[in-house]
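1. Structure of the sequence below:
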Amino acid sequence: MYSYVMDNSMLFKTILSQWYVDKTPGYVYSLRHVMERAGPGIKVDVSMKSYEAAYKSWVTRHGYNEDAFDLAYKMFGVGVQEASKTFPGQIYLQDYDNLFGKYIKGEKQVAFDAGKLLFDWLGLEWKDGYFTGEDC
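-> Predicted structure coming up:
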């Protein structure tokens, strides 16, 4: 799917992009298969919430009961582990709270440091202003 988009999208052809960003965690359960189809060398950042934070979010948004949530959370982890074994070094497991939550709570340096680590892994330059939109 992603390789098709990269090869055929007029947007990507026009800007000569080699990057595709997708914030769709719904396929994380089969992440390995998605990465197999996406093409060689694809890098994936998985931002994962703590069990407690994810529970609050999933129960509120999706109406999961505790057993359904527990199974979904475990399968999320299994999907990431399978992909990590098949594609070593191509998955960056990011603590969601460090990247986003700490910034919102005023612990900006923690968020900046997490963002810098992610950008370093991607081979990109980091600027603290990305959080505020100043450097976008």
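2. Can you list the low-confidence ranges for this structure?
-> Scanning the chain for pLDDT under 70 picks out 1-25, 135-136.
3. Name the single longest helix found in it.
-> Secondary structure of the chain read by DSSP state H shows that its longest helix is helix 66-86.
4. Run through the neighbouring helices and strands of it.
-> Here helix 66-86 touches helix 31-38, strand 44-48, helix 51-62, strand 91-95, going by 3 or more C-beta pairs under 8 Å, 6 or more residues apart in numbering; DSSP states H and E. (C-beta placed from N, C-alpha, C; glycine too.)
5. In it, which residues are buried?
-> Buried positions in helix 66-86, judged by neighbour count with 16 or more other C-beta atoms under 10 Å: 69, 73, 76, 79-80, 82-84.
6. mind listing what the spatially most central residue of the chain touches?
-> Nearest residue to the geometric centre of the chain (C-alpha atoms, centre = their mean): Val46, 3.2 Å. For Val46, the contact set (C-beta atoms under 8 Å, 6 or more residues apart in numbering) comprises 25, 28, 31, 80, 91-94.
7. still on that earlier bit, how distant is the longest helix of the chain from the center of its chain?
-> Remark: helix 66-86 is offset 14 Å from the chain centroid, using C-alpha atoms, centre = their mean, to the nearest Å.
8. Could you do stretch 53-60 as well?
-> 18 Å.
9. who's in contact with that stretch?
-> Contacts of stretch 53-60 (C-beta under 8 Å, 6+ apart): 48-49, 64-66, 69, 72-73, 96-97, 101.
10. what do you get for stretch 129-136?
-> With C-beta under 8 Å, 6+ apart as the test, stretch 129-136 has contacts from 103, 108, 111-112, 115, 127-128.
11. tell me how far stretch 34-43 is from the chain's mean position?
-> 14 Å.
12. Quick one: end-to-end distance for it.
-> Stretch 34-43 has an end-to-end distance of 12 Å (C-alpha to C-alpha, to the nearest Å).
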